[in-house]
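In: With the sequence up front, the predicted model follows.
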Amino acid sequence: MELIRVNHLKKDYQQGVLKIPAVRGVSFSIQKGDFAALVGPSGSGKTTLLNMIGVLDTPDEGEIFLEDQCLNTLKEKEKTRFRLYHIGFVFQFYNLIPVFTALENVEYTLMLQGMDKKTRQEKALSLMSEMRIEELKNRFPRELSGGQQQRVAVVRALVSNPKVVLADEPTANLDSESADILLDIMQEMAVKKETTFLFSTHDKRVMDRAKRLIRLRDGRLEEN
């Protein structure tokens, strides 16, 4: 079943008088349950593409569909709500809130959705237990290793049962052991939760795990 469809997507950035093409007419689809990766060298357009799919950026031309919803027609408030309920994000630099504990970081999305404290804590703790990080619940980000912070970030991305998790270079700052643990957990959750994962990466460890690679070079689809 098709979950994401990208049609003839284009995006340019302005640098002074120069127009820099970032994405040049890219089209592809992602099936529900895919564990897929956008791959290519730095500057190939993969992060720009991921940001547009996550409605963090807007294409100049083309269309993005998540199921039957055309994402680039959404207004700003609609984009915020859509991200909150349907898309999970994992970033290279974790992006945990430093004054929140691990548990508070995980439940933050549920709080924004208006879920009561008891229910959201139960849900957050249950998923932290599944991901084998419940013992970290009362620690602040500064008290966690990079691998632990990224696992908390993955739980935060999954806790609201999103339709897709978009992960931008999630292993880039991790050592090999931490990266393998993280990818093991993500694959396990992809099967358990039937969650679709789309990565942006040039890490061979992620590429080796992906069921599908979408190759980009100079903003164009090289191989699908």
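Out: Yep, that arrived.

In: Strands of the protein, start to end?
Out: 2-15, 18-31, 35-39, 61-66, 69-70, 87-90, 164-168, 196-201, 212-217, 220-223 (DSSP state E).

In: quick one, which of these is packed in tightest?
Out: Burial of the strands of the chain is given as mean neighbour count (mean count of other Cβ atoms under 10 Å); strand 196-201 ranks first at a mean of 26. Just so you know, the C-beta spots here come from the backbone N, C-alpha and C atoms, and that holds for glycine as well.

In: Would you give the sheet partners of that strand, along with the direction of each?
Out: Paired neighbours of strand 196-201 in the sheet (DSSP bridges): strand 35-39 (parallel), strand 164-168 (parallel).

In: can you redo the strands of the chain as a markdown table with mean pLDDT and distance to residue 139?
Out: Below are the strands of the chain laid out as a markdown table (pLDDT from 0 to 100; distance: least, Cβ to Cβ, whole Å):
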| stretch | mean pLDDT | distance to residue 139 |
| --- | --- | --- |
| strand 2-15 | 93 | 34 |
| strand 18-31 | 92 | 35 |
| strand 35-39 | 95 | 29 |
| strand 61-66 | 96 | 34 |
| strand 69-70 | 94 | 37 |
| strand 87-90 | 96 | 19 |
| strand 164-168 | 96 | 23 |
| strand 196-201 | 95 | 26 |
| strand 212-217 | 94 | 36 |
| strand 220-223 | 82 | 42 |
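
In: I'd like the ones you listed laid out as TSV, including distance to residue 113.
Out: Below are the strands of the chain laid out as TSV (distance: least, Cβ to Cβ, whole Å):
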stretch	distance to residue 113
strand 2-15	21
strand 18-31	24
strand 35-39	26
strand 61-66	18
strand 69-70	18
strand 87-90	13
strand 164-168	17
strand 196-201	20
strand 212-217	31
strand 220-223	35
